[in-house]
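*Asks:* Here is my input; please provide its structure:
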Amino acid sequence: MPYRFGLIGEHISSSLSPILFSWAFQQTGTSGSYTLFDFPRRLARSFLLRARVDWDGLNVTAPHKDLAYTLCDELSETARAARSVNALLRNGGKLYGYNTDVAGFRYALEQKLEQAAQAQRVLVIGTGGAARACLVAVSQVLAPIEIAVASRRPADAVERIAPVTIAPYSPTLISLAKARKRLHEFDLVIQATPVGHNAQPGFPLEPPLAFKPGALVFDLIYSPRKTLFLEAAASFNAQTENGLVMLLAQAAESYQIWTGKPFPLEVAVRELLPDLRS
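*Replies:* Numbering: from 1, shown residues only. This is a model prediction of the structure:
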């Protein structure tokens, strides 16, 4: 039978995931479909519970990753480390939770490893599931002397960040205002909030912004391809990267979990990514 996969989130009409998985089906000779489910929070729980019988695999994006984490019967080691689930597998009536964002961002970092490896101070903006996955990936790849996490309400964010497994690091929680003041100190900046997306335009930090010249700046958003945040970073000669490479790599991880077949990631980066960028 054809596979039935999909994505649940909010404001996901511009998602490229259906294109990625249709391409993967063709490349691997697999039959399947990939459907978008744009649901608000109040409807997400009942939909995810039905995933035990209705779907072979689901990706989960904001704002439902924390909810998905609580509904799983079993969790992968990476999902436990990030305390976030963005990929669900149905098997034997049970729901298995994975976090493929960690592998996705780790791959994106590794593509910029020559510069990223020199980063001494790292700033992650946001405390949601994507931000926590990035924290785990950073701890796996880099050895900075400081990891700071910026939140609108740092005191409230302690509960979300403290349990995240990123030994031997102990992230410092700071306010958005302090992150803006210190922005020029960071060698690596990771913007992991939805602010700047087509559905939520604006800046995650109040402008004007001053980046460290030559810094490496990621924005996990890919719609638009260049956010206002990345445009500001580029004006300081920062090296910028949107979320497309991470999207490809996390999709590859999800595809292998669901089908047992390897996703041709290097081929996708070489042949599919240029089309996605344009």
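
*Asks:* ok, residue 24 - contacts?
*Replies:* Neighbouring residues of residue 24 by C-beta atoms under 8 Å, 6 or more residues apart in numbering: 30, 251, 252, 255, 263, 264, 268. For the C-beta atoms, the positions are set from N, CA and C on the backbone; glycine is no exception.

*Asks:* for the residues you listed, which one is nearest residue 113?
*Replies:* Nearest to residue 113 among the contacts of residue 24 is residue 252, at 18.2 Å by C-beta to C-beta.

*Asks:* any idea which helix or strand comes after whichever strand or helix holds that closest one?
*Replies:* Using DSSP states H and E, the element containing residue 252 is helix 244-259. Sequence-wise, the next helix or strand beyond helix 244-259 is helix 265-267, with elements assigned using DSSP H and E.

*Asks:* Which residue, neighbours along the chain excluded, lies closest to residue 233?
*Replies:* Sequence neighbours aside, residue 217 is the residue nearest to residue 233 in space, at 4.0 Å (criterion: C-beta to C-beta, 6 or more residues apart in numbering).

*Asks:* Could you name the helices and strands sitting against the helix or strand where that neighbour lies?
*Replies:* In this structure, residue 217 sits in strand 216-219 according to DSSP H and E. Other elements packing on strand 216-219 under the criterion 3 or more C-beta pairs under 8 Å, 6 or more residues apart in numbering; DSSP states H and E are strand 188-191, helix 228-234, strand 239-241.

*Asks:* now it, how far from the chain's geometric center?
*Replies:* Strand 216-219 has its average C-alpha position 13 Å from the chain's average C-alpha position, going by C-alpha atoms, centre = their mean, to the nearest Å.

*Asks:* what's the answer for stretch 88-105, then?
*Replies:* Averaging C-alpha positions (C-alpha atoms, centre = their mean) puts stretch 88-105 14 Å from its chain's average.

*Asks:* any idea how far residue 31 is from residue 151?
*Replies:* In this view, residue 151 and residue 31 are 44 Å apart by C-beta to C-beta, to the nearest Å.

*Asks:* go on, residue 251?
*Replies:* Distance of residue 251 to residue 31, computed by C-beta to C-beta: 18 Å.

*Asks:* So those two - more neighbours on which side?
*Replies:* A side-by-side neighbour count of residue 251 and residue 31, using other C-beta atoms under 10 Å, places residue 251 first with 26 against 8.

*Asks:* Separate out the buried members of the contacts of residue 24.
*Replies:* The neighbour-count test (16 or more other C-beta atoms under 10 Å) applied to the contacts of residue 24 identifies 251, 252, 255, 263, 264, 268 as buried.

*Asks:* Tell me the one of the residues you listed nearest residue 74?
*Replies:* Sorting those by how near they are to residue 74, with C-beta to C-beta, puts residue 255 at the top with 19.6 Å.

*Asks:* I'd guessed that closest one sits against residue 263; true?
*Replies:* Yes: under the contact definition of C-beta atoms under 8 Å, residue 255 touches residue 263, with a separation of 4.1 Å.

*Asks:* can you pull the contacts of the residue lying closest to residue 249 once chain neighbours are set aside?
*Replies:* Residue nearest to residue 249 in three dimensions, not counting chain neighbours: residue 107, with 3.6 Å by C-beta to C-beta, 6+ apart. Shown here is residue 107, whose contacts under the criterion C-beta under 8 Å, 6+ apart are 245, 246, 249, 265.

*Asks:* so where's the stretch 101-250 of the chain shaky on pLDDT?
*Replies:* Of all residues in the stretch 101-250 of the chain, those with pLDDT under 70 make up the ranges 167.

*Asks:* Skipping adjacent residues, who's closest to the residue nearest the centre of the chain in space?
*Replies:* Taking C-alpha atoms, centre = their mean, the centroid of the chain lies closest to residue 130, which sits 4.1 Å from it. Spatial nearest neighbour of residue 130, excluding adjacent residues (C-beta to C-beta, 6+ apart): residue 192 at 4.6 Å.
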